[in-house]
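S.K.: fold the following and give me the result.
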Amino acid sequence: MALEFLDMIESLRADEASPARLYGGEGTRARRTNVDARYSAKLLEAAKLYQRVLQGDRRAALTFQEALTTSDFPYLFGDILDRQILANYAETAYTWDQIARKGTVRDFRTVKRFVLNGSETVLDEVPEQTEYPESTLSDGSYTYSVKKYGRRVPFSWEAMLNDDLDTLKDLPARLGKAARRSEEKFATALYAGASGPLGTVFTSGNKNIINSTNGASATNPPLSISALQDAFIVLGRMLDNGGDPIMVDGVTLVVPPALEVVAQNILNATALTIGGFGTSATAQQITTANWLARKVKLAVNYYLPIVSTTNGNTSWYLFANPSSGRPALEIGHLLGHETPEIFIKSPNAMRVGGGLINPMDGDFDLDSIVYKVRHVFGGGVLEPRSVVASNGTGS
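M.R.: Sure, this is the predicted structure:
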């Protein structure tokens, strides 16, 4: 590729050099549109000198070294080099919308989410000529508030003019990515702590830890088919305030990147082989279609090992479908500001002759250009009985 590029430069004649030919393609000064004939000729001369250096011409090498100390040659040489900006890191998909309910709030004050319990349990028999028994209702509430998050990114007017590779043009996209990452990390911290499942959510009282006390065959088992079976057992044993079972329509398995292969192998297997039926002497194995693929959705959360510095690569979580019943979490956004908002600072200057000022001309004092992102969100845990977890340590 480099030799083809040099051959192309060698074939150019000074009188045929044009901005389109010299500046077309990647890694060029796209903003230099008014290039005069003198500059084009000097640029072609620099290109030919550079080619002779690569071909081993010692005299050209000495001339090249001397030319680097001149005032304009480094800029000419910069236009010859093939310069490219690497693409941004690929953004990881966020997972919180698969396990939490989306909500909106009107302002920054604490909001309440009320629940009403009672009168849902199995009806009592009413004997003849007997009063109907009464039941009581009880209410509860969950609270959270939204907060404002943001960032400013200033850069100079000179930096904007020198940005021949358009490295600054993706600043709004970068700020939007930062907002989405902030949501994901915030939501992760609602249920994950430094050592795995958050201790204030996963408690013995909530009965949502996968262990033998809550009906599982093992305590904090590593992710496997049998461990998922234990998770369904624990989730299926959940009772409402009246002592009746809580129906779970579907679940989402949340794992760190380190467990993605294990989870994919389990959920994408064409069949499951399950053993241990009958007495120990006649225990049998059966092969069944992989019903887990229809029951379980997978979400890979890249922030789990970041939030959970211990056990972050082994912990896994099973959330009930947030769109049916009471969701485990809610993430709320300010009404009318549900998505990240990107701003650019309005210039505080005006030309002597009048007329509007382009924001990219910068402010009056420093010729500074400033982007800003603002995002308002918050959230909390609503129903701990809608999620079970294991730290994956086996103990």
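
S.K.: switch to C-alpha atoms for all contacts and neighbour counts from now on
M.R.: Fine.

S.K.: any low-confidence regions in the stretch 1-150 of the chain?
M.R.: 1-37, 39-40, 43, 50, 54, 64-88 (pLDDT under 70).

S.K.: contacts only, for R385.
M.R.: Contacts of R385 were listed using Cα atoms under 8 Å, 6 or more residues apart in numbering, and they are N206, K207, N208, L235, M238, A328.

S.K.: identify the farthest-apart pair in these.
M.R.: Farthest pair in the contacts of R385 (Cα to Cα) is K207 and A328. Separation: 13.9 Å.

S.K.: just checking, T92 touches A299?
M.R.: No - judged on Cα atoms under 8 Å, T92 makes no contact with A299 at a distance of 11.1 Å.

S.K.: neighbour count winner among those two?
M.R.: A299 (21 against 14; other Cα atoms under 10 Å).

S.K.: confirm the more buried one sits in a strand?
M.R.: Yes - counting by DSSP: H, G, I helix; E, B strand; the rest coil, A299 is part of a strand.

S.K.: partners of the closest residue to it other than its chain neighbours in the sheet?
M.R.: Leaving aside its sequence neighbours, A299 sits nearest to V254 (Cα to Cα, 6 or more residues apart in numbering; 4.8 Å). V254 has these beta-bridge partners by DSSP bridges: A299, Y317.

S.K.: what is the burial count for V254?
M.R.: Using other Cα under 10 Å: V254 sits among 25 other residues.

S.K.: so is the closest residue to G312 other than its chain neighbours in a helix, a strand, or just coil?
M.R.: Excluding its sequence neighbours, the residue lying closest to G312 (Cα to Cα, 6+ apart) is P305, at 4.0 Å. The three-state label given to P305 by three-state DSSP is helix.

S.K.: give the contact list for P305.
M.R.: Each residue near P305 by Cα under 8 Å, 6+ apart is listed here: P256, N311, G312, N313.

S.K.: E260 touches Y302, doesn't it?
M.R.: No - distance between E260 and Y302: 10.4 Å, which falls outside the contact criterion (Cα under 8 Å).

S.K.: quick one, which of these two is more surrounded?
M.R.: A direct count of neighbours by other Cα under 10 Å for E260 and Y302 places Y302 higher, at 21 against 16.

S.K.: before we move on, what's the pLDDT of that one?
M.R.: What the model reports for Y302 is a pLDDT of 97.

S.K.: sticking with it, tell me its helix or strand.
M.R.: Under the criterion of DSSP states H and E, Y302 resides outside all helices and strands.

S.K.: wait, it touches T95, no?
M.R.: No - look at Y302 against T95 with Cα under 8 Å: they stay out of range, at 9.2 Å.

S.K.: what ranges does this protein have for its helices?
M.R.: 2-11, 19-23, 37-54, 58-67, 73-80, 96-99, 157-162, 171-191, 225-236, 260-268, 292-295, 304-307 (DSSP state H).

S.K.: give me whichever of those helices is most buried.
M.R.: Comparing the helices of the chain by mean neighbour count (mean count of other Cα atoms under 10 Å), helix 304-307 ranks first with a mean of 22.

S.K.: burial count for M350?
M.R.: If you count neighbours by other Cα under 10 Å, M350 ends up with 13.

S.K.: how much space between it and P359?
M.R.: 11 Å (Cα to Cα, to the nearest Å).

S.K.: please apply the same query to L318.
M.R.: Taking Cα to Cα, one finds L318 at 49 Å from P359.

S.K.: same check, this time on R151
M.R.: Distance from R151 to P359, by Cα to Cα: 18 Å.

S.K.: more neighbours: those two, which one.
M.R.: Legend: neighbour count by other Cα under 10 Å for R151 and P359, higher for P359 (17 against 14).

S.K.: contacting residues around that one?
M.R.: Contacts of P359 by Cα under 8 Å, 6+ apart are I344, K345, S346, P347, I369.

S.K.: sweet, I'm off.
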